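J.: This is a predicted model, with the sequence first.
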Amino acid sequence: MKLVAALILAALMALPSRAETLSFGLFGDTPYTAWERQHLPELIDEMDREDLAFVIHDGDIKSGSSECSDASFLDILGVFNSSKHPLIYVPGDNEWTDCHRRSNGSYDPLERLGKLRELFFADGHALGRRKLALERQSHDSSFAPYRENVRWQAAGVLFVGLNLPGSENNYHGIKGSGPSPEFLARSSANRAWLEQAFALARSRQLAGILIAIQGNPGFHAAGAGRAPTGYADFLDQLRRESMGFAGQVVLVHGDTHRQRIDQPLENPDTGETLRNFTRVETFGSPSFGWIKAGIDPANPRLFRFEPRVFARPVLQ
């Protein structure tokens, strides 16, 4: 009997801990146009009227052809800080990797990334009017520059933010030869942060983990053996970690402006879909909206997602 009891206890300890009900918002790839910038406060007001624990913007706070000026950054920072809910932001390619373009002002991308870190990731809290404490990777002296890589826990789920943007994750850098020194250093930081996150989720027996990035890593291209070089290692790690995790895994990203919710990861040995993994792509310009997401312990997939299209005013 003692052996049976011990086996039952071991099995129970291996199960994910019970999650709690929680709602949060997801949006990104906005504002691109003058119209979107005009109505961005209304979009945030719409989320403010909901009972949300926090909101996540998954990158691209400007278009790829507009200037990467301090003024443009400060403008969006002001809007983000007006959010009633804590707002977590991960950087997109339009606000740093692509800033060397003439139409963007011919900036040094690394200098622009430094400015983003100074403005948007200045302390240990999320943006917005209500404070939410975040753990930043920069607390580890080995990864001191990476203030934008964050994590926090809520309702039995670990949430993770990574600086993994579009434009092939800055693999080629400005010179186009690749892999750029910046890409190699940041990839090492991202790899360590993701590994630590899954290890933490397992040790705490959490029910789920949600990862927010900006770039579309190219799931279907990866399945056909054509994964973009800048995302290949990330996808391999994500697949391995998801297969070794008892709970549910969600990857939230933007970049390709096609709102969708699917399950694109497969077991490389069997070709079977990984049923504990879900990809959520947020709306992107010219689509304008957000996704009301939630943790639902009664849902076998743990998470629920409800796309909300912003109601554009009717022109008279």
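T.: Structure received.

J.: Quick check: mean pLDDT of stretch 185-204?
T.: Mean per-residue pLDDT for stretch 185-204: 98.

J.: What residues sit buried inside that stretch?
T.: Buried residues in stretch 185-204, defined by neighbour count with 16 or more other C-beta atoms under 10 Å: 186-187, 189-190, 192-194, 197-198, 200-202. C-betas here are computed from N, CA, C, even on glycine.

J.: ditto for stretch 29-37
T.: By neighbour count, with 16+ other C-beta under 10 Å as the criterion, the buried positions of stretch 29-37 are 29-32, 36-37.

J.: for those, which one is nearest Ala311?
T.: The nearest member of the buried residues of stretch 29-37 to Ala311, counting by C-beta to C-beta, is Glu36 at 14.0 Å.

J.: got the contact list for that closest one?
T.: 30, 285, 288 (C-beta atoms under 8 Å, 6 or more residues apart in numbering).

J.: Please apply the same query to Pro86.
T.: By C-beta under 8 Å, 6+ apart, the contact list for Pro86 reads 53-55, 125-128, 130-132.

J.: at 6 Å what do you get?
T.: Going by C-beta atoms under 6 Å, 6 or more residues apart in numbering, Pro86 touches 54, 126, 128, 130, 132.

J.: give me the number of residues near the nearest residue to Lys131 once chain neighbours are set aside?
T.: Sequence neighbours aside, His125 is the residue nearest to Lys131 in space, at 4.9 Å (criterion: C-beta to C-beta, 6 or more residues apart in numbering). Using other C-beta atoms under 10 Å, the number of residues around His125 comes to 15.

J.: returning to what we had before: and the buried residues of stretch 185-204 as TSV, adding distance to Tyr107?
T.: Below are the buried residues of stretch 185-204 laid out as TSV (distance: C-beta to C-beta, whole Å):
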residue	distance to Tyr107
Arg186	18
Ser187	22
Ala189	22
Asn190	23
Ala192	28
Trp193	26
Leu194	29
Ala197	31
Phe198	35
Leu200	36
Ala201	37
Arg202	41
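
J.: and which of those is nearest to Leu119?
T.: Arg186 (18.7 Å).

J.: pretty sure Thr97 contacts Asn169?
T.: No. Counting by C-beta atoms under 6 Å, Thr97 does not reach Asn169; the two are 8.2 Å apart.

J.: re earlier: ok, what's across the strand from the residue nearest to Lys131?
T.: Counting by DSSP bridges, His125 is bridged to Ala133.

J.: in the stretch 51-200 of the chain, which spans are helices?
T.: For the stretch 51-200 of the chain, the helices defined by DSSP state H, counting those that start in this stretch occupy 70-81, 109-120, 166-169, 181-203.

J.: got the buried residues for the first one?
T.: When burial is assessed from 16+ other C-beta under 10 Å, helix 70-81 yields the following buried residues: 72-73, 75-77, 79-80.
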